[in-house]
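Trainee: Pasting a predicted model and its sequence here:
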Amino acid sequence: RGGRSYFSRSHLKVYFGHLLNSMRLDTPIPDEDKEALLDMIQLGHPDWERKMKPNVEAIVVAIHPEHKTNCFMMVRENGVREDFSYRKCVDGLVERFWLEEYTTQEEAPKLGTLVLQRLLSQGWRGEERAWELFNEMVDRGEANEFHTTVMLKVCTAFNQRALLRRMHDSGISPTVVTYTTVMARLMLEGQPEEAAKVLEEMIDAGITPDEKAFLALQGSGLSRRREIELKRLQQSGNVGVEQAWLMFGRMSELNEVDTTHLNIMLKACVSLKEQRATVKRTLDHTDAELDHQTYAIMITQAMAERRSDEADELVREMRTAHDLTPTSAIMALRHQADDYWPDSKVQQEKGAPNRGVRDAGWDY
């Protein structure tokens, strides 16, 4: 509103920052700037519903009573004044409408991809927000193959298929990158036969596979990518943890689990008993080996459950069964637990409630 056009975050912040420091105190700002700021509050401020009620009669520049710096103040019809942060409004707009540091409006279509990527890097809450934004883009007919490919990267293979159908229904044509992303995910989840079928689909669709497509099918860098994905899934709530276990199970069936993968999944176990069972299944079906980190994780869990005898047994097992010499860090961990719970053996006998590894406060 107001006849002005803003096309980047920096443009907005520079313009209103200049307005904030150039206006005379307690003088209402021009109507077109007032309308623009009210739009920014409504569309970008996290507390916009409360900020917009009751009606705002004017916006002035005033001295903040606490910070003693210039700030924008809304003057309501009832005479009450309330400050607001125009920077919070701008940052909200960045998320919602994909504004970024660009110098021309012609580059705007690229912004959705960048903001989706940024949100997806912010954990499960960011991922939820990214899906909300993406769904809004699809509903408005603004989503393209680049936005879809970004979201494909955080889907399971099953959900990727559903998203591809949605692409087709929305008139979005998949690209070589789209197909490569799907193949990489199938390889990640241990489904090489399905990945090969996707390659055939790509060729049938008239899309020529590039080098990255063939590398994805060959499983290039697969072990490291699986480490990253198992960790990401564990940080995505209960559903993500379940997906991590399914993925780990398929990897075990293919004998593609290594020690690092095992250690990552041990941290997702809720008890020492579950950790022991996971180790046994993995050793029975794969060539993975145990290392010092494996035992550090289990000893930590044993002590979190106040099972000092079990911890001592794990230390002995390191030496006898796997020819591993307990490190000073592992022994310090064991003794630190005694200091933390000096009566651990007594409490264990009394059946004291367990505490999980994460509750113990140790970084292993």
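Mentor: Happy to help now that I have it.
Trainee: For residue 236, which non-adjacent residue is spatially closest?
Mentor: residue 124 (4.4 Å; CB to CB, 6 or more residues apart in numbering). (C-beta placed from N, C-alpha, C; glycine too.)
Trainee: next one: residue 126
Mentor: In space, residue 126 is closest to residue 119, 4.3 Å off (CB to CB, 6+ apart).
Trainee: what pLDDT does the one you found get?
Mentor: On pLDDT, residue 119 comes in at 73.
Trainee: ok, back up a step: average pLDDT across the host helix or strand of the residue nearest to residue 236?
Mentor: Assigned by DSSP states H and E, residue 124 belongs to helix 123-139. Computed over helix 123-139, the mean pLDDT rounds to 81.
Trainee: same question, stretch 79-90
Mentor: 86.
Trainee: Identify the residues contacting the residue nearest the centre of the chain.
Mentor: The centre of the chain sits closest to residue 123, judged by CA atoms, centre = their mean, with a distance of 2.2 Å. Applying CB atoms under 8 Å, 6 or more residues apart in numbering, we find residue 123 in contact with 235, 236.
Trainee: what's the distance between it and residue 238?
Mentor: Look at residue 123 and residue 238: by CB to CB, to the nearest Å, they are 15 Å apart.
Trainee: for the stretch 101-250 of the chain, which spans come out with low pLDDT?
Mentor: Low-confidence segments of the stretch 101-250 of the chain, defined by pLDDT under 70: 101-112, 114-115, 118, 122.
Trainee: Then the stretch 251-364 of the chain?
Mentor: Ranges of the stretch 251-364 of the chain meeting pLDDT under 70: 334, 336-364.
Trainee: Now do the helices in it.
Mentor: 259-266, 272-285, 292-304, 308-322, 328-340, 344-349, 357-360 (DSSP state H, counting those that start in this stretch).
Trainee: Which strands or helices does the strand or helix carrying residue 233 pack on?
Mentor: Here residue 233 sits within helix 222-234, counting by DSSP H and E. Judged by 3 or more CB pairs under 8 Å, 6 or more residues apart in numbering; DSSP states H and E, the packing partners of helix 222-234 are helix 176-188, helix 237-253, helix 259-266.
Trainee: which one of those helices has the most crowded surroundings?
Mentor: Neighbour counts (mean count of other CB atoms under 10 Å) averaged over each of these peak at helix 176-188, with a mean of 23.
Trainee: May I have that one exported as CSV, CA atoms only?
Mentor: Extracted in CSV, the C-alpha atoms of helix 176-188 (Å, rounded to 0.1, in the frame of the first residue of the first chain):
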residue,chain,number,x,y,z
VAL,A,176,17.0,-34.3,-14.0
VAL,A,177,17.6,-32.8,-10.6
THR,A,178,14.2,-34.0,-9.4
TYR,A,179,14.8,-37.6,-10.6
THR,A,180,18.3,-37.5,-9.2
THR,A,181,17.0,-36.5,-5.8
VAL,A,182,14.5,-39.4,-5.8
MET,A,183,17.2,-41.9,-6.8
ALA,A,184,19.6,-40.6,-4.1
ARG,A,185,16.8,-41.0,-1.5
LEU,A,186,16.0,-44.6,-2.6
MET,A,187,19.7,-45.5,-2.4
LEU,A,188,19.9,-43.8,1.0
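Trainee: And the contacts of it?
Mentor: Counting by CB under 8 Å, 6+ apart, 145, 148-149, 152-153, 155-157, 160, 164, 167, 192, 194-195, 198-199, 201-202, 207-210, 212-213, 216-217, 219, 222, 225-226, 229, 247 sit against helix 176-188.
Trainee: filter those to the buried ones?
Mentor: 148-149, 152, 155-157, 160, 164, 167, 194-195, 198-199, 202, 207, 209, 213, 216-217, 219, 222, 226, 229, 247 (16 or more other CB atoms under 10 Å).
Trainee: Identify those among the residues you listed that sit within helices.
Mentor: 148-149, 152, 157, 160, 164, 167, 194-195, 198-199, 202, 213, 216-217, 222, 226, 229, 247 (DSSP state H).
Trainee: Am I right that the residue nearest to residue 126 sits in a strand?
Mentor: No - counting by DSSP: H, G, I helix; E, B strand; the rest coil, residue 119 is located in no strand; its state is helix.
Trainee: picking that back up, from residue 316, how far off is the residue nearest to the centre of the chain?
Mentor: In terms of CB to CB, residue 123 sits 39 Å off from residue 316.
Trainee: residues contacting the closest residue to residue 61 other than its chain neighbours?
Mentor: Leaving aside its sequence neighbours, residue 61 sits nearest to residue 23 (CB to CB, 6+ apart; 4.3 Å). Residues in contact with residue 23, defined by CB under 8 Å, 6+ apart, are 29, 60, 61.
Trainee: contact partners of stretch 39-51?
Mentor: Contacts for stretch 39-51 (CB under 8 Å, 6+ apart): 1, 12, 52, 74, 82, 84-86, 88-93, 96-97.
Trainee: before we move on, back to that, mind putting the helices and strands packed on helix 222-234 in TSV, distance to residue 140 included?
Mentor: TSV is the format used below for the helices and strands packed on helix 222-234 (distance: least, CB to CB, whole Å):
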stretch	distance to residue 140
helix 176-188	21
helix 237-253	27
helix 259-266	39
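Trainee: Looking at those, which is nearest to residue 291?
Mentor: Closest to residue 291 of the helices and strands packed on helix 222-234, according to CB to CB: helix 259-266, at 5.2 Å.
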